[in-house]
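Colleague: based on what follows, work out the 3D shape:
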Amino acid sequence: MKKLFGVLAAALLCACSQDGTRIGADGVAASANAASGVPSTIAQLGAAHSFASAPDRGGLVEYAGGRTHTKGAYTWHPVSLSERHALQAIVDGEMTIPVPGGNPVTLKYERHVEHDNGNWSWIGRSTLDPGQTSVITFGAEAAFGTVPMGPDAPALRLTTVAGRPWIVSTDRNLVRELHNAATRPTAPDYLVPPGNPGGKGMQAAAASAATASASASATNTLDVVVGYTNGFATARGGTSAAVTRIQNLVDITNEAYVSSNINWQVRLVGTLAVNYADATSNQTTLEELTGFRAPSTTIPVNPVFNALRAARETYGADLVSLVRQFKTPENAGCGIAWMIGGGGQVIDQGSQMFGYSVVSDGQDAGDGGTYFCREETFAHELGHNLGSNHDTVTAGGQQGAYPFSFGYKTSVANGNFYTIMAYGDQGQSAYRVFSNPAVTTCGGRACGVANQADNARSINLTAPVISAFRATVVVPPEPTELVHNDIDGNEKSDVLMVKPGSFAYWAMDANVITRSRAFTLGTGLVPVATGDFDGNGRADIAFKNASRQIYLWLGDGTVFTSGLVASLASGYEVIGAGDVNADGKDDLLLHRPGQLVHWVMNGTTITSSKIVPVASAFKPAAVGDFDNNGRADIAWLNDANDIYIWLANTSNYSGSFLIKLDSRFTIRAASDIDGDGKSDLLLYRPGQMVQWIMNGASLTRSRAFSIVTSYNIASTGDFNGDGRGDVVWLKTDGNLYMWLATSTGFYTSKAMTKPAAGYVLVR
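Modeller: A predicted model of the protein is given here:
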């Protein structure tokens, strides 16, 4: 599906960009062909997702003109849904959602996530309140999501009932009048496992050791298997729709982790139908699923859960959740989970028997007051599994795994909001984050209090232990590796070169030129980075002009489409390209003393940006993927010639000192020399090249090569497609030579064609 999206994005960009110009081999601009590529690609997707097949008329939904239904605080509006608009919004960077009886709202695109089960999620932020996020998940027969309406209004819901899409609006005043176990809980939605209180010292020691282990593996995933009841599936329109909703709940959780600086992701490794009633107590259900009744009694597991528990072993799931259709008053709330580590207990392998939760989802009017369970209930209950508790007021003195494992809610004077683990009060704004004092997206205020309300810190400590409850069984796919400077998409690097007024490429098969093209280059344009910014598997080039404007040339394998990206602010320079968010598209990295900036790219569009503080003495030396997690890492060099490696994770970087660099050498490139999927470093000084073979932030071995001093490194890449980094050398007389890497770590040298006068190779 990733390839389908790459093709689609490229097709939409070519067909719909009105600022872009198509560059032919003669350098003459030609109009983009809007008729090519788009219909067939849309047809492929439409065949799989006919549920949301309405045309794109400028909005995600159109109100179908059918009868609206008001049930308590909620008004249901029948709609037709345009998946094509969501796809176009990836390219345009913005989604428009018409609002019943009001002005349309817009969401700013951040990223999208594609899943092996055929579902995908569009993820963005509100333009009314950037702290509010939206996750909209599309499947073959259903779609689910929310549309934030700003800090003072409830979000719109996009939901599917019995195979039909609806937009649901909420009357906040009527919700306030509801009184049931979901809106006014009288008991906590967690149970605390029995155990020996280990104290924060023992807990911290265990977590720290596991953190070190997890950092070394760089997987950072919690594997979860989810069972769902027949009633849950029927209410949504069948099995396919049920799985789409479950994927939506998982993606909501993961987006909350990203927004909260939690360096973990939940991975849905399996789903399973369970023939179990919905209209029963959630606590009883949890106890029957676990085989344990709080506080201290072992009971038989209900046989109906045998297959779900077996699926935990089959799929290697660290945690298990049962999702069912909300029924009130029978459920006595919207969910319940074991709070592992509650009261500061030690979390160890013995805690795995309590890795269970029950989630009620949807709406019900069984007690006369229709109510929707929160969209974040799944994330909330998994938060309990990970040792997090409610806000301090609601928790009533019950500690989670740590003294700071509390959610956060504030008074009116301090922002009047609450986070995922907190129980909100009437009129408070909800933010889809776990408490974290370092995050300031909750209406511009800190989303937690240091050492008091910091669920994010707590989860980052407990997750490494809990992720080891089961060995990984479902092996994740290898990260997509973007081949450096691959013009034609054949997974072999090509040679790029420029001279004033001209850009050219040689399509290569090892040292042999298979074809070449030259293009007229505008006055003052110089290349500053290369990458694959639209995810079509073909090299694109970033240029800077004399006015410090950045242009991207997007390649289709033969020619390029040019578009303006943005102007560089004073002091910033582009230092390279790399995939910072693991979406299969390269992004631009900018630097000025004291700051690193990400421009997350989708073609020529900056979908989001982020400023990362960095010591002013640090200068970027190379960009690569040193731990093979699909995210761009950075090698830094400070004034003392110390090298530091920053490894990227889902939300930030972890930095480590590597080694002091001999001042005679410079770092010339990051390239996968040994073919293990991890970038390595190439060092050079006149007369010598050195390989540093990397494993994350560790130097595993090195090898030096003597070279005639008249040779210098001109370019690197994988020119023969064997997965190993090759080197192109430029001799002072203008001749080129290619060193093709071998499995032994040495090279085979090949002569190359000499470039025309004035051309300089692009690294």
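Colleague: from here on, contacts and neighbour counts on C-alpha atoms
Modeller: OK.
Colleague: how's this structure carved up into domains?
Modeller: According to automatic domain parsing, the chain comprises the domains 49-173, 188-402+456-466.
Colleague: okay, the ones you listed, which one's buried deepest?
Modeller: Of all the domains of the chain, domain 188-402+456-466 has the most neighbours on average by mean count of other Cα atoms under 10 Å, namely a mean of 21.
Colleague: straight-line length of it, end to end?
Modeller: 22 Å (Cα to Cα, to the nearest Å).
Colleague: which residue ranges form the helices in the stretch 51-200 of the chain?
Modeller: 83-92, 172-176, 199-217 (DSSP state H, counting those that start in this stretch).
Colleague: also the stretch 251-400 of the chain?
Modeller: 282-290, 306-315, 377-385, 392-395.
Colleague: any chance of the domains of the chain in CSV, plus distance to Ile575 and mean pLDDT?
Modeller: What follows is the domains of the chain, written out as CSV (distance: least, Cα to Cα, whole Å; pLDDT from 0 to 100):
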stretch, distance to Ile575, mean pLDDT
domain 49-173, 22, 91
domain 188-402+456-466, 25, 89
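Colleague: out of those domains, nearest to Asp587?
Modeller: When the domains of the chain are compared by Cα to Cα, domain 49-173 sits nearest Asp587, at 12.0 Å.
Colleague: retrieve the pLDDT associated with the residue nearest the centre of the chain.
Modeller: Nearest residue to the geometric centre of the chain (Cα atoms, centre = their mean): Asn581, 5.6 Å. Asn581 is assigned 87 on the pLDDT scale.
Colleague: skip the chain neighbours and tell me the closest residue to it.
Modeller: Leaving aside its sequence neighbours, Asn581 sits nearest to Arg631 (Cα to Cα, 6 or more residues apart in numbering; 6.1 Å).
Colleague: next up, the contacts around that neighbour.
Modeller: Going by Cα atoms under 8 Å, 6 or more residues apart in numbering, Arg631 touches 578-582, 625, 648-649.
Colleague: now tabulate the helices of the stretch 251-400 of the chain in TSV and tack on distance to Ser749.
Modeller: Below are the helices of the stretch 251-400 of the chain laid out as TSV (distance: least, Cα to Cα, whole Å):
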stretch	distance to Ser749
helix 282-290	63
helix 306-315	48
helix 377-385	55
helix 392-395	67
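Colleague: so which of the ones you listed comes closest to Phe543?
Modeller: Evaluated over the helices of the stretch 251-400 of the chain, closeness to Phe543 peaks at helix 377-385, with 42.7 Å, by Cα to Cα.
Colleague: same for that closest one, what does it pack against?
Modeller: Packing partners of helix 377-385 (3 or more Cα pairs under 8 Å, 6 or more residues apart in numbering; DSSP states H and E): helix 239-259, strand 335-338, strand 356-361.
Colleague: switch the ones you listed over to CSV; also include distance to Gly725.
Modeller: Shown next, in CSV, are these (distance: least, Cα to Cα, whole Å):
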stretch, distance to Gly725
helix 239-259, 33
strand 335-338, 49
strand 356-361, 46
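Colleague: among these, which is nearest Ala640?
Modeller: helix 239-259 (34.0 Å).
Colleague: show me what the closest one is packed against.
Modeller: Counting contacts by 3+ Cα pairs under 8 Å, 6+ apart, helix 239-259 is packed against strand 120-126, strand 133-138, strand 143-147, helix 230-236, strand 265-274, helix 377-385.
Colleague: quick one: the fourth one to chain centroid distance?
Modeller: Its chain's C-alpha centre and that of helix 230-236 lie 29 Å apart, by Cα atoms, centre = their mean, to the nearest Å.
Colleague: could you export it as CSV, CA atoms only?
Modeller: Extracted as CSV, the C-alpha positions of helix 230-236 are listed here (Å, rounded to 0.1, in the frame of the first residue of the first chain):
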residue,chain,number,x,y,z
ASN,A,230,-20.0,-9.8,17.9
GLY,A,231,-22.1,-6.9,19.1
PHE,A,232,-19.2,-4.4,18.5
ALA,A,233,-18.8,-5.7,14.9
THR,A,234,-22.5,-5.7,14.1
ALA,A,235,-23.0,-2.2,15.3
ARG,A,236,-20.3,-0.9,12.9
